[in-house]
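**Student:** with the sequence up front, the predicted model follows.
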Amino acid sequence: MPVVPKRLPMPAQDPMERRKNFNEVALGFNEELAVAEAKRCLKCKDNKCREGCPVEVDIQEMIGHAAEGDFAGAIASIKSTNSLPAICGRVCPQEEQCEKLCLMGKKHEPVAVGRIERFCADWELAHGVKLPECAPPNGIKMAIVGSGPAGLTCAGDLARLGYDVTIFEALHAPGGVLIYGIPEFRLPKRVVMAEVENIKKMGAKLLLDVVVGRTISLEELFADGFEAMFLGTGAGLPKFMDIPGENLCGVYSANEFLTRTNLMKAYLFPGWDTPIKCGKRVAVVGGGNVAMDSVRCSLRLGADEGHIVYRRSEAEMPARLEELHHAKEEGVIFDLLTNPVRVIGDDNGWVKGLECIRMELGEPDESGRRRPVDVPGSNFVIDVDTVVMALGTSPNPLLSRTTPGLNMTKWGGIIIDEETGMSSRPGIFAGGDAVTGAATVILAMGAGKKAAAGMHKYVQAKRGL
């Protein structure tokens, strides 16, 4: 029986060294590793892996090029449907998408699709980017509100079709959650900026510091000649537990903690004069990727201890296994089956502890995970001086309040047609976290892609083309 080659590990920084810096943890494949991993592909007839990709990359074709050392062909294949390959190769949860359907993974470990994709994208960035072909300009104006993964993908696809695309970004830097939410050690800012520049080189214009809904309304955009628009405004409104002490100094939402660290470059202090107050003992409440990002940032910002406080067990954690593994390697302390009931403050109003209660798992709830139940009388205190609430986010209500006729869910998501991405207002499309609530980068990109196709069809029909 032939020996099946094992999946190749990703080279990475030493855990005890990387917890002291914000340099990228995963170092990436070299050419030899990329080719060797690509050759593990079985070239199965079903090409199931493509079905698992929200942006429809022909993964088998890409891997076939990489296996031959044709990295130019591989990246061209990726970019035929994906405008942000260097980003996807780093933060896409491939284990739940393409790799989950990999035939090799049925009996062995799946082909490391994401690692090959990242190598091909980085190879192109190093050897010169070749832009995808775009149709001749058609003069039809399209507006993109938000420059996160959904907005950038939508802009890239519309630019390829020849549309006059303008991206409106509320912040002073483009990228959305890619730049303010995901830490430098997982997704370097230079990578995001390179991808944004490529979208601009395809013809898309980018306007920063424009808060659509305040600086300009959607109605005014229509009046300015934009024939359709895409709302990719994300979900930046943080959630809290509503427990005593959450208003104490030293309590952050993960949104604020990560935005100050990433977008405001607190990780470069004192070289960049925007510090963030981070204590020596930090508790992050939550079990998702954002919680892992927050606690790992706290270690790099000088904390001696970083705790994850999560009310369920490790089996129910929504964080990627890779992020969980990296956090453990870096010495993060996991307080599982533990739920905060009160933040304790000192006489000056600063955090000095987190009172928690032990939990046990009961019957499954609506999410399919076992419901955590309090263990009476099990209260205890974790000595911490900083608390970060990483409990999820919801969409900002600004656009819904300033746009008549835009139907929303009870929790603030924009209601859209699932096939086209169009909202209740003709010509207004939406996708990503603004529709679903906080989700993954690749799902947001898939929504942006679907909306671009819907916008193209809508405008063409409106003009009788």
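**Tutor:** Happy to help now that I have it. Note that the structure is a prediction, hence the values are computed from the model and not measured.

**Student:** before we move on, what SS does the closest residue to Gly421 other than its chain neighbours have?
**Tutor:** Nearest residue to Gly421, sequence neighbours excluded (C-beta to C-beta, 6 or more residues apart in numbering): Ala451, at 3.4 Å. All C-beta atoms are positioned from the backbone trio N, CA, C, and that covers glycine. Here Ala451 is helix, with the state taken from DSSP: H, G, I helix; E, B strand; the rest coil.

**Student:** residues in contact with Ala451?
**Tutor:** Residues near Ala451 by C-beta atoms under 8 Å, 6 or more residues apart in numbering: Ala150, Cys154, Phe230, Thr420, Gly421, Met422, Phe429, Ala430, Gly431.

**Student:** any idea how far it is from Val129?
**Tutor:** Ala451 is 25 Å from Val129, where distance means C-beta to C-beta, to the nearest Å.

**Student:** sorry, back to before: narrow the contacts of Ala451 to those in strands?
**Tutor:** In strands, judged by DSSP state E, the following of these are found: Phe230, Phe429, Ala430.

**Student:** ok, the closest residue to Ala112 other than its chain neighbours - contacts?
**Tutor:** Closest residue to Ala112 apart from its sequence neighbours, by C-beta to C-beta, 6+ apart: Glu37 at 5.1 Å. Each residue near Glu37 by C-beta under 8 Å, 6+ apart is listed here: Arg7, Leu8, Phe29, Val111, Ala112, Arg115, Ile116.

**Student:** got a winner among the residues you listed for most neighbours?
**Tutor:** Counting by other C-beta atoms under 10 Å, Ile116 has the largest number of neighbours within the contacts of Glu37, with 30 neighbours.

**Student:** give me the buried positions along stretch 335-352.
**Tutor:** Using 16 or more other C-beta atoms under 10 Å as the test for burial, stretch 335-352 gives Asp335, Leu336, Leu337, Thr338, Asn339, Pro340, Arg342, Val343, Ile344, Gly345, Val351, Lys352.

**Student:** could you report the distance from the nearest residue to the first one once chain neighbours are set aside to Pro340?
**Tutor:** Distances taken as C-beta to C-beta, 6+ apart place Val309 nearest to Asp335, at 4.8 Å, with adjacent residues excluded. The spacing between Val309 and Pro340, counted by C-beta to C-beta, is 6 Å.

**Student:** common neighbours of the two, please.
**Tutor:** Joint contacts of Val309 and Pro340 (C-beta under 8 Å, 6+ apart) are Ala283, Val285, Leu354, Cys356.

**Student:** which of those residues lies closest to Cys102?
**Tutor:** Using C-beta to C-beta, Val285 comes nearest to Cys102 of the shared contacts of Val309 and Pro340, at 34.7 Å.

**Student:** who touches that closest one in this structure?
**Tutor:** Contacts for Val285 (C-beta under 8 Å, 6+ apart) come out as Met241, Ala291, Val309, Tyr310, Pro340, Val387, Val388, Met389, Ala390, Leu391.

**Student:** export the contacts of Glu37 to CSV and tack on pLDDT, distance to Pro318 and secondary structure?
**Tutor:** Formatted as CSV, those follow (pLDDT from 0 to 100; distance: C-beta to C-beta, whole Å; DSSP: H, G, I helix; E, B strand; the rest coil):
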residue, pLDDT, distance to Pro318, secondary structure
Arg7, 93, 23, coil
Leu8, 93, 27, coil
Phe29, 97, 27, coil
Val111, 95, 24, coil
Ala112, 95, 22, coil
Arg115, 96, 22, helix
Ile116, 97, 26, helix
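
**Student:** for the stretch 101-250 of the chain, give me the ranges with low pLDDT.
**Tutor:** For the stretch 101-250 of the chain, no stretch has pLDDT under 70.

**Student:** would you map the strands across it?
**Tutor:** In the stretch 101-250 of the chain, the strands defined using DSSP state E, counting those that start in this stretch lie at 141-145, 164-168, 205-207, 226-231, 237-238.

**Student:** tell me the pLDDT of Gly302.
**Tutor:** Note on Gly302: pLDDT of 95.

**Student:** what about the residue nearest to it when sequence neighbours are not counted, how many neighbours?
**Tutor:** Distances taken as C-beta to C-beta, 6+ apart place Cys278 nearest to Gly302, at 6.1 Å, with adjacent residues excluded. By other C-beta under 10 Å, the residues close to Cys278 number 23.

**Student:** quick check, Cys278 in a helix?
**Tutor:** No. Counting by three-state DSSP, Cys278 is not part of a helix but coil.

**Student:** wait, doesn't it sit right on Leu301?
**Tutor:** Yes. Counting by C-beta atoms under 8 Å, Cys278 touches Leu301, with 4.1 Å between them.

**Student:** show me which positions of the lengthiest strand in the chain end up buried.
**Tutor:** Counting by DSSP E, the longest strand found in the chain is strand 351-364. For strand 351-364, a neighbour-count test (16+ other C-beta under 10 Å) marks Val351, Lys352, Gly353, Leu354, Glu355, Cys356, Ile357, Arg358, Met359, Leu361 as buried.

**Student:** let me know whether the last one touches Pro372 as I believe.
**Tutor:** So the one you mean is Leu361. Yes. With contacts counted by C-beta under 8 Å, Leu361 reaches Pro372, the gap being 6.1 Å.

**Student:** neighbour-wise, which of the contacts of Val285 leads?
**Tutor:** Most surrounded of the contacts of Val285: other C-beta under 10 Å gives Val388, at 31 neighbours.

**Student:** strands paired with the strand or helix carrying that one, and their directions?
**Tutor:** According to DSSP states H and E, Val388 maps onto strand 386-389. As defined by DSSP bridges, the strand partners of strand 386-389 come to strand 251-253 (parallel), strand 281-285 (parallel).

**Student:** can I get the ones you listed in JSON lines including mean pLDDT?
**Tutor:** JSON lines is the format used below for those (pLDDT from 0 to 100):
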{"stretch": "strand 251-253", "mean pLDDT": "98"}
{"stretch": "strand 281-285", "mean pLDDT": "98"}
